[in-house]
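got a structure for you, letters missing:
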């Protein structure tokens, strides 16, 4: 057996969708937690496994990074020559600069950690604001960043008639423009001032929203406050409805309740992070990046 995809049980569904798209056999990792919180993992690799794809999305990343360390080192000892991490969400990417003396820049530290373990890393819409390429954070030739913008736009266009796509802040501009271009949808971008993790001030763009079906499009939703603030302003400006399409459904704490209370209707997310709002599978997109790697190494 030359190539294999492995996963942990909590991500079984998206992992199997990707394995099916790439025609890869699969093997689940057995996981046990000791009373002192240490982990015991079991991955009994078949003889002859040359390439191992590990599917592990790095939301709530602290424990998962330990899992990756254990699995990757175990696989190398078992004779695996090529290791691929498919992490649809990458944690620790937002801290990309030190804002005060002594502040730890986690992006490059975690990026180098992953580069030491894997030959390739594939992710979706990573949080890269002051760098332009993923390999600046993860120094690998095959550090591959994909975008779910087009896939989400397809879903939105199928659900709403002539929707208006709105980005909640300037950082979303390029992403929203890309999503809108694929379906020739109207789009605009809000401006935002952040005063804290949960304190943001939103300003609407100069575009008519009255009577429109508006969809807020973003790469990640964490506290939900930015999306909620934008939704309230859009509804006050006369929008007929406000829905949300998001790549990474982190939805920490009471985020969904805050969004719903602001008048947001439907929330569509990708399956990069497992959540009941998942409406778009990333398997076809991930497979477009994974297949060429497998073919190159098979040769």
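Looks like it came in fine. In this text, all values refer to a predicted model and were calculated from it rather than measured experimentally. Residues are numbered from 1 along each chain as shown.

in the stretch 101-250 of the chain, which spans are strands?
120-124, 142-146, 164-167, 186-189, 191-196, 199-203, 213-221, 241-249 (DSSP state E, counting those that start in this stretch).

among these, which is nearest residue 108?
strand 142-146 (12.5 Å; Cβ to Cβ). C-betas here are computed from N, CA, C, even on glycine.

Need the strands of the stretch 101-250 of the chain in TSV (columns: distance to residue 38).
Output for those, formatted as TSV (distance: least, Cβ to Cβ, whole Å):
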stretch	distance to residue 38
strand 120-124	26
strand 142-146	30
strand 164-167	43
strand 186-189	46
strand 191-196	36
strand 199-203	38
strand 213-221	31
strand 241-249	29
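
and of those strands, who's closest to residue 26?
For the strands of the stretch 101-250 of the chain, proximity to residue 26 was assessed by Cβ to Cβ; strand 120-124 is nearest, at 16.7 Å.

Next one: the residue located most distally from the centre of the chain from residue 2, what distance?
In the chain, the residue that sits farthest from the middle, by Cα atoms, centre = their mean, is residue 47; the gap is 32.7 Å. Using Cβ to Cβ, to the nearest Å, we find residue 47 at a distance of 11 Å from residue 2.

returning to what we had before: closest to residue 75 out of the strands of the stretch 101-250 of the chain?
Ranking the strands of the stretch 101-250 of the chain by proximity to residue 75 (Cβ to Cβ) places strand 120-124 first, at 13.6 Å.

how big is the angle separating that closest one from strand 213-221?
For strand 120-124 against strand 213-221, the angle by axes from the mean of the first three to the mean of the last three Cα atoms, to 10 degrees is 150 degrees.

which residues of the stretch 151-299 of the chain fall in helices?
Remark: helices assigned in the stretch 151-299 of the chain by DSSP state H, counting those that start in this stretch are 173-183, 225-236, 255-261, 283-298.

What residues of the longest one count as buried?
Within helix 283-298, the residues that qualify as buried by neighbour count (16 or more other Cβ atoms under 10 Å) are 283, 285, 286, 287, 289, 290, 293, 294, 297.

And for stretch 154-171?
Buried residues in stretch 154-171, counting neighbours by 16+ other Cβ under 10 Å, are found at 155, 156, 157, 160, 163, 164, 165, 166, 167, 168, 169.

residue contacts, the third one?
Under the criterion of Cβ atoms under 8 Å, 6 or more residues apart in numbering, the neighbours of residue 157 are 163, 183, 185.

Find the least confident helix or strand in this structure, judged by mean pLDDT.
Lowest on mean pLDDT, DSSP states H and E among the helices and strands of the chain sits strand 191-196, with a mean of 70.
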